[in-house]
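Colleague: missing the sequence, but the structure's below:
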């Protein structure tokens, strides 16, 4: 039987040194969706550059990712450990650039 549920898009940002933690977060999201989505009528949809961006042309690689993922997410999760990532023309790293975009978007919301 069809059911209605709210889908929250979760953007996961991180440098490359936390690939294990990214996999764990995927597992946690999958487990939450399996155990709680029916009763809460809520589903978490992970958004990651690995699955939601594709090769394309742009001024620099992070800009391509930014344009494809856009700002179409409800929750932003950044994972850091020993590095912040590779410098971009716009920020100290791609992950920092993603964080700054997310922060700017939350500041633009008026209540």
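Modeller: Okay, I see it. Here the structure is a predicted model, which is why all the values come from computation and not from measurement. Residues are numbered from 1 along each chain as shown.

Colleague: Now residue 41: closest residue in space that isn't a chain neighbour?
Modeller: Distances taken as Cβ to Cβ, 6 or more residues apart in numbering put residue 5 closest to residue 41, at 4.6 Å, once the chain neighbours are dropped. Every residue, glycine included, has its C-beta placed from N, CA and C.

Colleague: Then residue 94?
Modeller: Of all residues not flanking residue 94 in the chain, residue 62 sits nearest, at 4.1 Å (Cβ to Cβ, 6+ apart).

Colleague: Tally up the residues packed near the one you found, please.
Modeller: The number of residues packed near residue 62 is 23, by other Cβ atoms under 10 Å.

Colleague: Let me see the contact set for it.
Modeller: By Cβ atoms under 8 Å, 6 or more residues apart in numbering, the residues touching residue 62 are 88, 90, 94, 97, 98.

Colleague: Wasn't it part of a helix?
Modeller: Yes. Applying DSSP: H, G, I helix; E, B strand; the rest coil, one finds residue 62 inside a helix.
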